[in-house]
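K.L.:
With the input below, show me the fold.
(chains A and B)
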Amino acid sequence: MTAAANPPAAHEAAPDGTPPARRLARIGTAAAAYLQAAPLALILGAFLLAPLAMIVAVSFWDYDFARLYPDFVLTNYIETLGSAVTWRIYLNTFKYAAIVWVLTLVIGFWVAYFLAFHVRSQTMQMVLFLICTVPFLTSNIIRMISWIPVLGRNGLVNTALVDLGIVPAPIEWLLYSDFAVVLAMVHLYTLFMVTPIFNTLMRIDRALVEAARDAGASSFQVLTNVILPLAKPGMAIGTIFVVTLVMADFITVQVMSGGQSASVALMMRNQMSLLQYPAAAANAVVLLAIVLLLVAAILRVVDIRKEL
Amino acid sequence: MTTTSTSKTAAGTGGLSRRTLLKTGAAAAGLAAGSGAITGFPTIWAQNPITLRQFGTGVSNLNAIAEKCKEDLGITLEMTATDSDAAAQRAVTQPDSYDIADIEYWIAKKVFPAGVMQPMEVSRLKYYDKIVPLFIDGKLAPDSVIAQGTAPHTVGFVDGKESTTFASAPTDWLTMVPTIYNADTLGIRPDLVGREITSWADIMDPAFKGKTSILNIPSIGIMDAAMIMEALGEIEYADKGNMTQEEIDKTIDFLIKAKKDGQFRAFWKSFDESVNLMASGEVVIQSMWSPAVAAVRSRGIPCVYQPLKEGYRAWGGGIGLAKHLSGAKLDAAYEYIDWYLSGWVGAYLNRQGYYSAAMETAKEYMSEDEWSFWVEGKPAAGDILSPDGKVMEKAGAVRDGGSFTERMGKVACWNSVMDEDRYMVRRWNEFIAA
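P.N.:
Down below sits the predicted model:
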């Protein structure tokens, strides 16, 4: 836009006989703007666009068990999209994403609401919020793996249930199941929902709540008519975090399902570990397209910039 | 008491000097290589320390070996351990990142044709004639039948220095010098299975529903699956190690069905996962590696590496040289290999329950009792200690599966890379995703 607008301006300026000093100053401002934008552009170009372009290029290459052959073949896409397994894995990944999204949204909103509206002192709010982040001081692998001794056949939960006589035999589906995967993901990703929602809730003008009360709204009506709509940008940002994290997760799925379930990223990782880079690249391109569509859809529903 | 403190001090000083040498090592090596004055006398390494970067699967990337190598040869070994898939990947994609590849033979079948390694001259190897014939012509004894799969001798030789295709008979050029190998079988929890386990088919027994596991490394897992399928009488493979698409389909379809019926508890990918699955009682019978069995036992939990009537699935590893090695570093690498086969390492590996490729030399470094327990399969006269001094087996114990010849003589197949590798991997992914 700037580039298009500039030439006529320069053209206009010349016949007027603009002093060269002023013209120089104008070039100076333009150059400064470009200079200011340059670092980000360079970083994004070198570390995002270039690798992406490479992935797209490799996805058309051919390969055998040891080497890659630069080429232009569609085999990787045909094998990826033409296989029922891929579709099943995508479905499975969407299933995880949907369940985890609903759970993290509910829990995340709940926690953020409590922090923002029930905790009165600002210091206490900050203290409690920081407590939420304490588990994140450990690696997420550790947080995930610690579930195994809790949920296992002879784990804490099962031992307790059997010893209390609540169940006759250990419950098998606690570990190495979809349940375990979802549980671990909710545990790992809820904070990504809490933070942005807490942030938007804190920005809500308390006068709005008072006004609603004066107008005769019940607590529930305040929640549904005032707070929820105003919390939408935070929810949208949290949703983007959670959905992209779940869609790209492989280690939680691998560990918590005991290798019994697959996700898209796990499928890619399997392919990569077997040197099938082009197949993995094709998968990555497909996944990227789908995730971008999801994010675009979310942004259509909620205009993050307008409501922030 | 005294011995402990002495060895501690020794280790301490060893670590210190190694660190100092590490710093100067690279610079000195570059200098030495540049001057061209190196002719390959052992004393040279002590004066101009050389560092060799070795990477490979965890089994033989042992710190004890690096320390002893430093002590005996003055060569600093920088070791990196990865899982087998990552090892194959690194060997092909980052050939300049290592000097010595410590990999399995089936990985070599993938890696060597990529031209990232250089073959070794047989005439330069001091202990070539001590290598067990299993790695030369595939036969443990002259009358042995060669097992199916990627048997090490089939990918052990090439025709010339520049060749990347494997030779069908022994030549003067070795792709890798064999170092370590073993016969794998199923591990069981004798206290929990409640009956005698005699066949690979037993893992599919409905009684063990939800209490079994197989490993999720396609090239190895498919072989375990093949052993199970044949034991069940579901199929007879022409060559388990090189299945046709139909055979792959049949095998995977069977696995998918078993998975859907809930036969498996989990699929493991790393050593520690297999140990935890077994030790926690999540599974009672599963694919396992021998040190994992030892690890479970060392926690005081009974675990047996059960010999089965259909035979073992064997694997073998060796060390190969990166293509870029030359000059002093190449000479050092040859010397390292000679040292590797000269006995100390062999004895160390034998004591871990693996086998050394040069049995004769290893014997000299083992006590009579150790040799008769680990290699001859006889009851231990005294307690059997692990290399770090812990009691592994009490006096009177007998090794699962018996002697070296009994175990390695009953190998039914080797870990493999098939011609239909790509198809197999795709179908294996389906199995895992199903």
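
K.L.:
remind me, longest strand of chain B?
P.N.:
Of all the segments assigned as strand in chain B under DSSP state E, the longest by residue count is strand B:312-322.

K.L.:
Would you state the predicted confidence (pLDDT) at A:Met267?
P.N.:
Per-residue pLDDT puts A:Met267 at 87.

K.L.:
measure it to A:Leu52 for me?
P.N.:
Using C-beta to C-beta, to the nearest Å, A:Met267 is found at 20 Å from A:Leu52. (Each C-beta comes from the backbone N, C-alpha and C, glycine too.)

K.L.:
More neighbours: the two, which one.
P.N.:
A:Met267 (27 against 13; other C-beta atoms under 10 Å in any protein chain shown).

K.L.:
Identify the residue spatially nearest to the more buried one, adjacent ones excluded.
P.N.:
What sits nearest to A:Met267 in space, not counting adjacent residues and going by C-beta to C-beta, 6 or more residues apart in numbering or on different chains, is A:Ile89, at 5.4 Å.

K.L.:
Can you say which helix or strand has the one you found in it?
P.N.:
Per DSSP states H and E, A:Ile89 falls inside helix A:84-113.

K.L.:
got a list of what A:Ile99 touches?
P.N.:
Counting by C-beta atoms under 8 Å, 6 or more residues apart in numbering or on different chains, A:Ile99 makes contact with A:Val182.

K.L.:
where does it land on pLDDT?
P.N.:
Here the pLDDT value assigned to A:Ile99 is 97.

K.L.:
Ranking helices and strands of the chain by mean pLDDT, which lands last?
P.N.:
Using chain A here. helix A:2-16 (a mean of 45; mean pLDDT, DSSP states H and E).

K.L.:
and if you look at chain B?
P.N.:
Result, chain B / mean pLDDT, DSSP H and E: helix B:2-35, a mean of 41.

K.L.:
Show me how chain B divides into domains.
P.N.:
B:9-183+B:314-363, B:186-309+B:407-433, B:367-402 (automatic domain parsing).

K.L.:
Any idea which of these gets closest to chain A?
P.N.:
domain B:186-309+B:407-433 (2.6 Å; C-beta to the nearest C-beta).

K.L.:
Near chain A, which residues of the stretch 151-300 of chain B are found?
P.N.:
B:210, B:213, B:216, B:218, B:259, B:264-269, B:276, B:280-282 (C-beta under 8 Å from any C-beta of the partner chain).

K.L.:
coming back round to it: I figured the residue nearest to A:Met267 hits A:Met268, correct?
P.N.:
No - the pair A:Ile89 / A:Met268 is not scored as a contact, 10.0 Å apart, by C-beta atoms under 8 Å.

K.L.:
mind checking the backbone torsions on A:Tyr69?
P.N.:
Main-chain dihedrals, A:Tyr69, degrees, to the nearest 10: phi -120, psi 110.

K.L.:
Excluding residues flanking it in the chain, which one is nearest it?
P.N.:
Nearest to A:Tyr69 is A:Asp62, by C-beta to C-beta, 6+ apart, at 4.3 Å.

K.L.:
May I have the residues that are in contact with that neighbour?
P.N.:
A:Asp62 is in contact with A:68-69, A:71, A:73, A:75, A:278, counting by C-beta under 8 Å, 6+ apart.

K.L.:
And it, how close does it get to A:Phe72?
P.N.:
Here A:Asp62 is placed at a distance of 9 Å from A:Phe72 (C-beta to C-beta).

K.L.:
do A:Ile78 as well
P.N.:
13 Å.

K.L.:
Now tell me what touches stretch A:119-135 from outside.
P.N.:
With C-beta under 8 Å, 6+ apart as the criterion, stretch A:119-135 contacts A:111, A:115-116, A:143, A:191, A:194, A:198.

K.L.:
Kindly recompute the last result at 10 Å.
P.N.:
A:111-112, A:114-118, A:142-143, A:187-188, A:190-191, A:194-195, A:198-199, A:202 (C-beta atoms under 10 Å, 6 or more residues apart in numbering or on different chains).

K.L.:
which of those residues count as buried?
P.N.:
Buried subset of the contacts of stretch A:119-135 (neighbour count, 16 or more other C-beta atoms under 10 Å in any protein chain shown): A:111-112, A:115-117, A:187-188, A:190-191, A:194-195, A:198-199.

K.L.:
Save the residues you listed as TSV, and put in distance to chain B too.
P.N.:
As requested, those are exported to TSV (distance: C-beta to the nearest C-beta, whole Å):
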residue	distance to chain B
A:Val111	32
A:Ala112	36
A:Leu115	38
A:Ala116	42
A:Phe117	44
A:His187	20
A:Leu188	20
A:Thr190	26
A:Leu191	27
A:Val194	32
A:Thr195	33
A:Phe198	37
A:Asn199	38
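
K.L.:
Show me the residues you listed that map onto helices.
P.N.:
The members of the buried ones among the contacts of stretch A:119-135 that map onto helices under DSSP state H are A:111-112, A:187-188, A:190-191, A:194-195, A:198-199.

K.L.:
Quickly check those residues for the two that are furthest apart.
P.N.:
A:His187 and A:Asn199 (21.3 Å; C-beta to C-beta).

K.L.:
For chain A, which residue gets nearest to chain B?
P.N.:
Closest point on chain A to chain B, by C-beta to the nearest C-beta, is A:Gly258, at 2.6 Å.
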